[in-house]
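Novice: structure for the following, please:
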Amino acid sequence: MTMNNASEFGTADLERMVEAFADLSLRAGEIILDIRARGAAVMEKADHSPVTEADRRAEALILAGLAEACPGVPVVAEEAASAGHVPATLGDHFILVDPLDGTREFIAGRPDFTVNIALIERGSPIAGVVYAPMRRTLWAASGHHAWSADVQDDGTLGDARGLVCRGWQAPPCIVASVSHRTPETDEFIARFDGATMSAIGSSLKFCLLAEGEADLYPRYGRTMEWDTAAGDAVLRAAGGVTITLDEKPLVYGKRNQANDVDFANPFFISASREGVSRIKGEVRGTAR
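Specialist: The predicted structure follows:
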């Protein structure tokens, strides 16, 4: 599937791309589980964040697969970017890869880590997959269609289940990070009397919103685009939205930022479209 930056992805193109993303994420998941079973040495990157053999081997597999399945589409992947290897230009379409989102969860022996692959079109995530190897569940988005499926014993995906965000619940169920909770997050949560909490790692927070199991995901903490793009694609396709603290949609492909590094996200709130309309005026905090 060769695309140039002036081209548009049709429905069939997106579906084929998501099939390739899903296949690669399942294969990467097997690598991650194999390394988890025998124990993974933990190393430190230049930014002092942890990285393991699982991150690097999963990314190598995904990058090789994308080069074959999607030639001509630029790819920004976490470990390559950390080493300074990013495409010179991105154009209208590019792919974001986080081969092991939730590395801290993985290192701690918790199950909430994922493989994330997403296609960005002019700043918006329009397709992607989130695969949770320990849960054996994959979430996917293609255009305006979101679905999930479980991995069968033979390694194939079972029947797809459509995903739609639920209507606003009061008090809301709020999902938050396990490893990156901040005082600003707690202050935001405190604005909703009686809110219930669900703490979960990685991009699974987006998936809970897309499944209609939660209502709000406030992120007053650092994320990078590869952390969020695939889950955000699933959420948007299921009828949700991710907005920054100035109530604008979160965009992707951010480079040459005045106050941060390339591909760093500002703080954001994710919710159903109805949810966002209900909390207008509450979306405040320390913007970056």
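
Novice: going forward, measure contacts between C-alpha atoms and count neighbours the same way
Specialist: Noted.

Novice: quick check on the residue nearest to residue 15 when sequence neighbours are not counted: phi, psi?
Specialist: What sits nearest to residue 15 in space, not counting adjacent residues and going by CA to CA, 6 or more residues apart in numbering, is residue 142, at 6.2 Å. With angles defined as degrees, to the nearest 10, residue 142 sits at phi -140, psi 110.

Novice: pull the contacting residues for residue 142.
Specialist: 11, 14, 15, 18, 126, 127, 128, 237 (CA atoms under 8 Å, 6 or more residues apart in numbering).

Novice: same check, this time on residue 205
Specialist: 175, 176, 177, 217, 231.

Novice: show me where the stretch 51-200 of the chain has helices.
Specialist: 53-69, 78-82, 103-107, 183-189 (DSSP state H, counting those that start in this stretch).

Novice: and those as CSV, adding distance to residue 202?
Specialist: Conversion of the helices of the stretch 51-200 of the chain to CSV gives the following (distance: least, CA to CA, whole Å):
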stretch, distance to residue 202
helix 53-69, 14
helix 78-82, 14
helix 103-107, 8
helix 183-189, 16
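
Novice: quick one, which of the ones you listed is nearest to residue 259?
Specialist: Closest approach to residue 259 among those is made by helix 78-82 (18.2 Å; CA to CA).

Novice: and the closest one, what other elements does it pack with?
Specialist: helix 53-69, strand 93-101 (3 or more CA pairs under 8 Å, 6 or more residues apart in numbering; DSSP states H and E).

Novice: export those as JSON lines, with columns for distance to residue 44, mean pLDDT and mean neighbour count.
Specialist: Compiled in JSON lines, those are given as follows (distance: least, CA to CA, whole Å; pLDDT from 0 to 100; neighbours: other CA atoms under 10 Å):
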{"stretch": "helix 53-69", "distance to residue 44": "11", "mean pLDDT": "97", "mean neighbour count": "18"}
{"stretch": "strand 93-101", "distance to residue 44": "15", "mean pLDDT": "97", "mean neighbour count": "27"}
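
Novice: can you redo those as TSV with distance to residue 85?
Specialist: Listed next are these as TSV, based on distance: least, CA to CA, whole Å:
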stretch	distance to residue 85
helix 53-69	12
strand 93-101	13
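
Novice: whichever of the contacts of residue 205 end up buried, select them in PyMOL.
Specialist: Filtering the contacts of residue 205 down to the buried ones (16 or more other CA atoms under 10 Å) takes a single PyMOL command:
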select buried, resi 175+176+177+217+231
